[in-house]
Every structure is written in C-alpha cells, then in structure tokens.
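**Q** let me see the structure of the following:
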Amino acid sequence: MTDLFEDELSAAQAELSMASEEKKAVAITVRKNKTIMRRANSETHLEEIMPTVEMGNSYHIISRGDVDSMTYLVHLLKNGGPIETLTLSTWCMAMPDINEINLALESGMIGQCHLCLGEIFPNQYPDEYLRVREIEATGRLRVTVARNHSKIMLGANKTTGWHFVIESSANANTNPRIEQTAIHMSRDLHDFYSEFFSDLKDIDKKAKIATAPVDAKQ
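**A** Residues are numbered from 1 along each chain as shown. Next up, the predicted model:
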C-alpha cells in the first residue's frame, strides 16, 4: 500500500522550493515534517506491539502519548486493505489529520467517510471547518456537527467482511497525553455504532452543502 503520508511530505518539499515565500514555506515545512516524523515513529511503535488483527478479537492499548489516534486507522488499513466506509467521530480535528483522510479518499483506500464533529468545531477551528466542507463538496465526505464528544472510528468492507471499531479517549489528532484505545474486530459492534451515527442531525447553521448519507448497514 502507498504510504498515506508520502503525498503530504512531497507537498511540504514543494513549498520549500518556493523562493517567493521562502520564510513562510520553511516554517510550514518544519511543522509538517515534525508531524510526519512523529506519525512515522508512532506507526513503527504500534507495529512492534500490536499482533496481526483478526475478526472476532479485541485489542486494548494504553499509551503515554507515543501512539497517535490516527495511527490506529493507518495500521488497520495496512492490515486489512481498502475500506468502503469510514465513520469518524471526534470533538475536534487538526488540519494534517483532515488532509490525511482526504488523501485516503482520493487514493481509494477509503470509499466514503462520515465525519462527526463537536459543536465547537465551526467557530473554534474555522480553517479546518472550511476544509472539511470543501472536501464534502466532492461527494466523498459527509459532515455532521453535533453536541458530540465521542471518539470512535468505524470501518467496513462488506466484500471482505472486514469490520472494525476503534474506541479511544483521544481525539483524532496528535496528542502527547496518556490515552486508552480499544480495537474491536466486530461487525455487530460496527453496525451498532454506525446506526447511531447515521441518524445524527447536523446542527451547524453555517452548513450550505447537502450530501447523501453514508450507508449505515455494511
């Protein structure tokens, strides 16, 4: 599988070559490289401690901030291949994480994504908010803003029977704190959560884009 972060690294290198914005590009590149390196270390560490995942099993991990929340998703995509649907519920989300999801959508690693965000997101994360609405306009992403504080990822491929649920104390972003995560390879649990999130109503008054809901039953 193509590394989900390779395109981001290439973009950062391209910015560095833009002489007209040299200072800004250097600052941006350093920030992106720091994120990329942290994610690479996080991914390597998770591969060392996690066994090969199998349907029917649950895996429980507690970390000291050395494994990022999004790393679990990358790990499962590498183990199980492309998924048709992803539901991602988080209170907040940073731009690098949004762009990683978009890269996965563009590459076909994820077919459709339903992003459930907290009510603070539109006002407290304005740039990130505009970005997710921009991606929503492509038809690959559905965005729901709700009074939401849950941190859950659900992935499914009905063709292969691959279903997973990631329950975590961490938001979908880089976090140096102690966090607890459980991965459940279960279709029943996936469908239980998916039905709930598919019924959430978007309370965002700024929203102007109507998209078709992701099929909850995989």
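
**Q** now the end-to-end length of stretch 193-203.
**A** With Cα to Cα, to the nearest Å as the measure, the ends of stretch 193-203 fall 20 Å from one another.

**Q** now the helices for this structure?
**A** Secondary structure of the chain (DSSP state H): helices located at 6-16, 22-49, 69-80, 95-107, 121-124, 126-136, 187-198.

**Q** those: lowest mean pLDDT?
**A** Mean pLDDT is lowest for helix 6-16 out of those, coming in at a mean of 50.

**Q** burial of residue 205, as a residue count?
**A** Residue neighbour count, defined by other Cβ atoms under 10 Å, stands at 8 for residue 205. In this view, the C-beta of every residue, glycine as well, is placed from N, C-alpha and C.

**Q** can you dump the C-alpha atoms of stretch 108-121 in PDB for me?
**A** What follows is stretch 108-121, C-alpha atoms only, in PDB (Å, rounded to 0.1, in the frame of the first residue of the first chain):
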ATOM      1  CA  GLY A 108      -9.400   4.900  -2.800                       C
ATOM      2  CA  MET A 109      -8.200   3.500   0.500                       C
ATOM      3  CA  ILE A 110     -11.500   4.800   1.900                       C
ATOM      4  CA  GLY A 111     -14.600   4.900  -0.300                       C
ATOM      5  CA  GLN A 112     -16.900   7.200   1.700                       C
ATOM      6  CA  CYS A 113     -16.400   8.900   5.000                       C
ATOM      7  CA  HIS A 114     -18.900  10.300   7.600                       C
ATOM      8  CA  LEU A 115     -17.200  12.800   9.800                       C
ATOM      9  CA  CYS A 116     -19.000  13.600  13.100                       C
ATOM     10  CA  LEU A 117     -17.600  16.700  14.900                       C
ATOM     11  CA  GLY A 118     -18.300  18.600  18.100                       C
ATOM     12  CA  GLU A 119     -20.400  21.800  18.200                       C
ATOM     13  CA  ILE A 120     -17.200  23.800  18.900                       C
ATOM     14  CA  PHE A 121     -15.700  23.000  15.600                       C
END
